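**Q** Next come a sequence and a model predicted from it.
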Amino acid sequence: MSRAQTNIDFSVISAINRRLLDPKTRRYFFIKEPAHVAVEGAPKQEASIKMHPSDESMGTRKYNVHERFIIEKSDLELIENGELARLMDCLNFRKKGKKLVFESLDYDDFRGKGKRIIHWVPAEHSVKAEVMMPDAKIIRGLAESGTEKLSEGDIIQFTRFGFCMLDDRKKMLFRFGHE
């Protein structure tokens, strides 16, 4: 402690908080700029997505999916023709012209050959959600329907987005904490 005034950079606080939250925070998908896509030839399946990448005790969330998914518009734009990509914990596909074509289910088929893993929301299991940013700006998007089971005050991590707390369950309004 010192009488001298000091300013602590918020990134330092975020890093400390991330270390505390990361091991115990469930993961969900949130799409802020939705692009509705169809993966031609994708089989009907029950996709099982881990609630935490390294803690099996947190369980999984399961969705019946087929060909229709919602991904980030920016992810869709980055996929090059002929490129192998993967919907996280779901399936592999290849871009052929303007189509996305099913390749396989097995992650091992993607490993070493694929370029990007994309988070997604099942088209049939999505809910409108909002995230209030620190500057009070509201980001509207779609979250997976499993977020409807959360309680107000629950802290989660939206994959590739950041740590958020459910503020209003009726509105599905989350408050952004940090990345």
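**A** Sure thing, it's come through.

**Q** In which helix or strand does Glu80 reside?
**A** Glu80 belongs to no helix or strand when assigned by DSSP states H and E.

**Q** mind checking the backbone torsions on it?
**A** Main-chain dihedrals, Glu80, degrees, to the nearest 10: phi -90, psi 160.

**Q** Does it touch Gly97 like I think?
**A** No. If you go by Cβ atoms under 8 Å, Glu80 and Gly97 don't touch, sitting 11.5 Å apart. Just so you know, the C-beta spots here come from the backbone N, C-alpha and C atoms, and that holds for glycine as well.

**Q** Disregarding residues adjacent in the polypeptide, which is nearest to Glu56?
**A** Lys50 (7.5 Å; Cβ to Cβ, 6 or more residues apart in numbering).

**Q** That neighbour and Trp120, how far apart?
**A** Counting by Cβ to Cβ, to the nearest Å, the gap from Lys50 to Trp120 is 14 Å.

**Q** These two: who's more crowded?
**A** Remark: of Lys50 and Trp120, Trp120 carries more neighbours, 28 against 16, as counted by other Cβ atoms under 10 Å.

**Q** wait, doesn't that one sit right on Arg68?
**A** No. Using Cβ under 8 Å, Trp120 is not in contact with Arg68; the gap is 10.3 Å.

**Q** Break the chain down into its structural domains.
**A** Following automatic domain parsing, one finds the domains of the chain at 21-28+124-178, 34-122.

**Q** Which SSE is immediately downstream of whatever helix or strand Ser11 lives in?
**A** Using DSSP H and E, Ser11 sits in helix 10-21. Counting by DSSP H and E, the next helix or strand C-terminal to helix 10-21 is strand 27-28.

**Q** Would you pull up how far that following strand lies from the middle of the chain?
**A** Averaging C-alpha positions (Cα atoms, centre = their mean, to the nearest Å) puts strand 27-28 6 Å from its chain's average.

**Q** how far is the helix or strand following it from where the chain is centred?
**A** For strand 27-28, the following helix or strand on the C-terminal side (DSSP H and E) is strand 30-31. On the basis of Cα atoms, centre = their mean, strand 30-31 sits 6 Å off its chain's mean C-alpha point.

**Q** which regions of the chain lie under the pLDDT threshold?
**A** The chain contains residues with pLDDT under 70 at 1-2, 8-10, 12-14, 16-18, 20-21, 23.

**Q** who wins for proximity to Ser11 among the domains of the chain?
**A** With respect to Ser11, and counting by Cβ to Cβ, the nearest of those is domain 21-28+124-178 at 8.5 Å.

**Q** Next one: the spatially most central residue of the chain from Val101, what distance?
**A** Most central in the chain under Cα atoms, centre = their mean is Phe29, positioned 2.7 Å from the mean C-alpha point. Using Cβ to Cβ, Phe29 is found at 22 Å from Val101.
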